[in-house]
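[1] no FASTA, just this:
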């Protein structure tokens, strides 16, 4: 099956509600948009297209609209919630018709820590599912042709269940290419003009009395408590703030459970959360970015015996790629997701002294680190944005499709010795 332009058609079935939209945006929406962006620029050179639908709306396979919309697909990507019989039936049906059926997971659901709000659903089984959610997830993965994840560690966790393929998170080029990275001046306070509640407009206001200061920052969702509690970053940061009176810590987002730890820091500025489309502006307002991770080992809980990795090491590299695309020098935990980007910044062991030494080094030589970040930004905008990786995404789907057909037919490749 190909679309009317002679190219592949990909359908993304996203799982998130509006309040959970972050994951669906990174794992479905941006990918669909990138494919269509390149297609609209040049349909001849880039004939592929993509569509996106709410997962629950696509399960009635007898409905003519579902038959039409999903029937057009060459590849169908189910995001995360492959845990109920209706989804399994849909996966079985479309695979029987020859579609390539994929599941996308971007979190380590079998061992989510108690600090993560999703713990109640996946681990505590708050809905009383029988079988429990993790057993159901395994069943769903067994019905897929392949697993897609931004974490190679997650792929290894499920390697005995389903073939895995890595696809990292990439930010949008269109949201980062016109940013002006901060190079001195006052701190910026971000807010909203809600004269029209349906169309809130981002507002910016220089924070009085902040000219000449250095702002070390972090921002994110409410699933990173342990990243701060167990990394040693706050103890190292406190020493830097005590030593340099012009250095501030800027914490961005709605997380309040870390307030008791921030009380020990001399100077903390809070920036409220912003809409995802406005987040790149906040990132670019930082002088130095932090990316701490909790490195305590966490079992895979899948039976794969994939030892030696923490829960946080099953995250993506997104935090660093955002810093790179915004031209922000960074200091991060030396960890599985961040090592591929080690050449662009400072990776440290999780001890207060290592954090202190690395952060202090950037503070003292900030001019040089900014110059280096500018060079890295130019490279990142070309190589680490989703629009510029749309072709590679289709190549990955093509590869999965070919390898899936080989597995389905039990075919064997020429000039390959198979040993049983």
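    Alright, I've got the coordinates. Quantities reported herein were computed from a predicted structural model and do not represent experimental measurements.
[2] list the contacts for residue 107?
    Contact analysis of residue 107 by C-beta atoms under 8 Å, 6 or more residues apart in numbering lists 23, 80, 118, 154, 314. The way it works is simple: take the backbone N, C-alpha and C, and place the C-beta from them, glycine included.
[3] Is it within a helix or a strand, and which one?
    Residue 107 is part of no helix or strand, with elements assigned from DSSP states H and E.
[4] From residue 216, how far off is it?
    According to C-beta to C-beta, to the nearest Å, residue 107 and residue 216 sit 27 Å apart.
[5] again with residue 13
    The spacing between residue 13 and residue 216, counted by C-beta to C-beta, is 40 Å.
[6] Comparing those two, which shows the higher neighbour count?
    residue 13 (29 against 24; other C-beta atoms under 10 Å).
[7] In this structure that one contacts residue 79, no?
    Yes. Assessed by C-beta atoms under 8 Å, residue 13 is found in contact with residue 79 at 6.2 Å.
[8] intersection of neighbour lists for those two?
    What both residue 13 and residue 79 touch, as defined by C-beta under 8 Å, 6+ apart, is the set 28, 55.
[9] Tell me which stretches of the stretch 301-420 of the chain form helices.
    318-326, 352-364, 366-383, 390-409 (DSSP state H, counting those that start in this stretch).
[10] what's the most buried one of those?
    helix 318-326 (a mean of 25; mean count of other C-beta atoms under 10 Å).
[11] Can you name every helix or strand that it contacts?
    helix 279-284, strand 288-291, strand 330-333, helix 366-383 (3 or more C-beta pairs under 8 Å, 6 or more residues apart in numbering; DSSP states H and E).
[12] quick one, strands of the stretch 201-350 of the chain?
    201-206, 214-219, 247-252, 268-271, 288-291, 330-333, 346-348 (DSSP state E, counting those that start in this stretch).
[13] show me the contacts for residue 346.
    Taking C-beta under 8 Å, 6+ apart as the criterion, residue 346 is in contact with 329, 330, 331, 332, 358, 361, 362.
[14] Contacts made by stretch 86-97 with the rest, please.
    55, 58-59, 61, 70-71, 73, 76, 78, 81-82, 101, 139-140, 143-145.
[15] buried subset of the residues you listed?
    55, 58-59, 61, 70, 73, 76, 78, 81-82, 101, 139-140, 143-145 (16 or more other C-beta atoms under 10 Å).
[16] Select, from these, the two members most distant in space.
    Farthest pair in the buried ones among the contacts of stretch 86-97 (C-beta to C-beta) is 73 and 139. Separation: 22.3 Å.
[17] circling back: neighbour count and pLDDT for the contacts of residue 107 - can I get that in TSV?
    As requested, those are exported to TSV (neighbours: other C-beta atoms under 10 Å; pLDDT from 0 to 100):
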residue	neighbour count	pLDDT
23	20	88
80	23	95
118	15	92
154	28	98
314	30	98
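[18] Just to be sure, which of those residues are found in helices?
    Secondary structure defined by DSSP state H assigns 23, 154 of those to helices.
[19] Show me which of the contacts of residue 107 is closest to residue 393.
    residue 23 (17.4 Å).
[20] Let me know the distance separating residue 182 from residue 355.
    With distances taken as C-beta to C-beta, residue 182 is found 22 Å from residue 355.
[21] cool, residue 378 as well?
    Using C-beta to C-beta, we find residue 378 at a distance of 28 Å from residue 355.
[22] What residues does residue 122 make contact with?
    109, 110, 112, 133, 134 are the contacts of residue 122 under C-beta under 8 Å, 6+ apart.
[23] May I have the predicted confidence score for the residue nearest to residue 60 when sequence neighbours are not counted?
    What sits nearest to residue 60 in space, not counting adjacent residues and going by C-beta to C-beta, 6 or more residues apart in numbering, is residue 66, at 5.6 Å. Residue 66 carries a pLDDT score of 97 in this model.
[24] cool, residue 221 as well?
    Residue 221 carries a pLDDT value of 82.
[25] My read is that it contacts residue 276, right?
    No. Using C-beta under 8 Å, residue 221 is not in contact with residue 276, being 10.7 Å away.
[26] residues shared between the contacts of these two?
    Joint contacts of residue 221 and residue 276 (C-beta under 8 Å, 6+ apart) are residue 22.
[27] what's the neighbour count on residue 301?
    15.
[28] Which of the three states applies to the nearest residue to it once chain neighbours are set aside?
    What sits nearest to residue 301 in space, not counting adjacent residues and going by C-beta to C-beta, 6+ apart, is residue 110, at 3.7 Å. Counting by DSSP: H, G, I helix; E, B strand; the rest coil, the backbone at residue 110 sits in helix.
[29] Identify the residues contacting residue 110.
    122, 134, 137, 157, 300, 301, 302.
[30] Show the buried residues in the residues you listed.
    122, 134, 137, 157, 300, 302.
[31] Do I have it right that the third one meets residue 83?
    What it means is residue 137. Yes. Counting by C-beta under 8 Å, residue 137 touches residue 83, with 5.5 Å between them.
[32] okay, and the common contacts of those two?
    Common neighbours of residue 137 and residue 83 are not found (criterion: C-beta under 8 Å, 6+ apart).
[33] centroid residue for this protein?
    Nearest residue to the geometric centre of the chain (C-alpha atoms, centre = their mean): residue 169, 4.6 Å.
[34] tell me the contacts of that one?
    26, 27, 106, 150, 316, 317, 318, 321.
[35] Just give me the neighbour total for the residue lying closest to residue 61 once chain neighbours are set aside.
    Using C-beta to C-beta, 6+ apart and skipping the chain neighbours, the partner closest in space to residue 61 is residue 93 (5.2 Å). Using other C-beta under 10 Å, residue 93 has 14 other residues around it.
[36] any idea how far residue 158 is from residue 93?
    For residue 93, the distance to residue 158 (C-beta to C-beta) stands at 23 Å.
[37] The helices of the stretch 301-420 of the chain: lowest mean pLDDT?
    helix 390-409 (a mean of 94).
[38] Mind giving me the packing neighbours of it?
    Looks like helix 390-409 contacts helix 30-41, strand 75-79, strand 100-104, strand 146-149, strand 164-166 (3+ C-beta pairs under 8 Å, 6+ apart).
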